[in-house]
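Q: sequence unavailable; structure follows:
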């Protein structure tokens, strides 16, 4: 008798039970796969993971009554249990105007999101878009206490979904520090050697690093731990990638960052500040008319219309003395002219204890940015000092230096005639020198207001 090509009934029943168990494992695997696929965002937003069950039903088709029952039961269990709703995470990013945006990241679309300060879960703000924008004033009003940057405020979020007519809340997100920073102020000032210094001034301490960038190239940043950056014209050429042509300005911005929970938090960006390099010195010449006036000419190394309206300063030693404005000469060269009386100039030099004059220039649009000063000019080249010593001697009646008598009789200043090129006050100062029993009075008559 041949063996039957199929197992007996007992064996067949055991095989069907094994087959049913295998189908259960296969369905569970298919559901997890569908859930994973459904949790990924699509073009129109995220697709609820509950659709994974429906997709699994369609893909499995008719798998037997037992398989269908197991699958439906599994889907219902997943739908009604809140612990199966994924936990969101809260992203905090800077927004315009010094505000911040809180984004409660979920796997779903069309859900309600809730935000609250950590430790005050009843103080909730609702957002149907799952995004919330806050300013410092909003944070103060929300928390009920004055917000003092840069101290962070911890915030949490969660969302709710509708499943089978029920509202199921999600687990709450981990706390995220919310810090509302004020924008810094960028200051540009001249430095040595024709360079400029950029100073990114944060409104409070605790700044970890500052970043500078050309306004038109936000990704081209230069970091500075001191929040200061010194640049020359050559540095600017390398940084911007194109040749800098003074006096055209280059707009620069800056921002800073602070560390919150070990992560850097960037501030709003500063307003743009123009960076100008006037790295070429002017040339100065000085003329004396032989009688009364001294004229200084400050030649500006700018061509075309760039030299129009340029302001110039004349310095006596380190002190500002006179101001003037540029004019174009017959040769097309721009220069500033200063005229001062000889007496006034010499008195000024005497007051600042100096013999030299110099000049610099600045653009009318940026008067605080000045060029390097010209080479100094020694005024004594035009007005040499006169030094005439005279010595007289008189015997002292004292027997020893200890008993000698000293007397000083100053001579009133005398004035020479105006026609004399060296016309000025002549001061006679007697000086007493004692040699044993004789006292010599050496009187110096000199003309030099620059000697002190």
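A: Structure's in. What do you need? These numbers were taken from a predicted model, which means no experiment stands behind them. Numbering: from 1, shown residues only.

Q: who's in contact with stretch 349-357?
A: With CB atoms under 8 Å, 6 or more residues apart in numbering as the test, stretch 349-357 has contacts from 284, 286, 296, 314-319, 321, 345, 376-380, 449-450, 452. (Each C-beta comes from the backbone N, C-alpha and C, glycine too.)

Q: 7 Å instead, please
A: 286, 296, 314-317, 319, 376-380, 449-450, 452 (CB atoms under 7 Å, 6 or more residues apart in numbering).

Q: out of the residues you listed, who has the most neighbours?
A: Sorting the contacts of stretch 349-357 by how many neighbours each has (other CB atoms under 10 Å) puts residue 296 first, at 25 neighbours.

Q: what lines up beside the strand or helix carrying it in the sheet?
A: Per DSSP states H and E, residue 296 falls inside strand 293-299. Using DSSP bridges, the strands paired with strand 293-299 are strand 283-288 (antiparallel), strand 334-341 (antiparallel).

Q: identify, out of those strands, the most deeply packed stretch.
A: strand 334-341 (a mean of 19; mean count of other CB atoms under 10 Å).

Q: the following helix or strand past it versus strand 334-341: what angle between them?
A: Per DSSP H and E, the first helix or strand lying C-terminal to strand 334-341 is helix 342-351. Counting by axes from the mean of the first three to the mean of the last three CA atoms, to 10 degrees, helix 342-351 points 90 degrees away from the direction of strand 334-341.

Q: list the buried ones in helix 342-351?
A: 342, 345, 346, 348, 349, 350 (16 or more other CB atoms under 10 Å).

Q: one more: stretch 203-215?
A: Going by 16+ other CB under 10 Å, stretch 203-215 has these buried residues: 207, 209, 210, 211, 212, 213, 214.

Q: lowest-confidence entry in the residues you listed?
A: Lowest-confidence member of the buried residues of stretch 203-215: residue 207, scoring 86 (pLDDT).

Q: in contact with that one, which residues?
A: Contacts of residue 207 by CB under 7 Å, 6+ apart are 227, 256, 258.

Q: those into TSV, with extra columns for secondary structure and distance to residue 364?
A: Converted to TSV, these look like this (DSSP: H, G, I helix; E, B strand; the rest coil; distance: CB to CB, whole Å):
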residue	secondary structure	distance to residue 364
227	coil	30
256	strand	32
258	strand	39
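
Q: residue 334: which of those residues is nearest?
A: residue 227 (36.8 Å; CB to CB).

Q: for residue 249, see how far away the nearest residue to the closest one once chain neighbours are set aside is.
A: Closest residue in space to residue 227, ignoring its immediate chain neighbours: residue 210 at 3.8 Å, by CB to CB, 6 or more residues apart in numbering. Distance, residue 210 to residue 249, by CB to CB, to the nearest Å: 21 Å.

Q: now residue 190
A: 14 Å.

Q: which residues touch the helix or strand that the strand holding residue 296 is followed by?
A: Next helix or strand after strand 293-299 toward the C-terminus (DSSP H and E): strand 311-316. Applying CB under 7 Å, 6+ apart, the contact partners of strand 311-316 are 296, 298, 320-326, 336, 338, 348-349, 352, 354, 357-362, 364, 367, 373.
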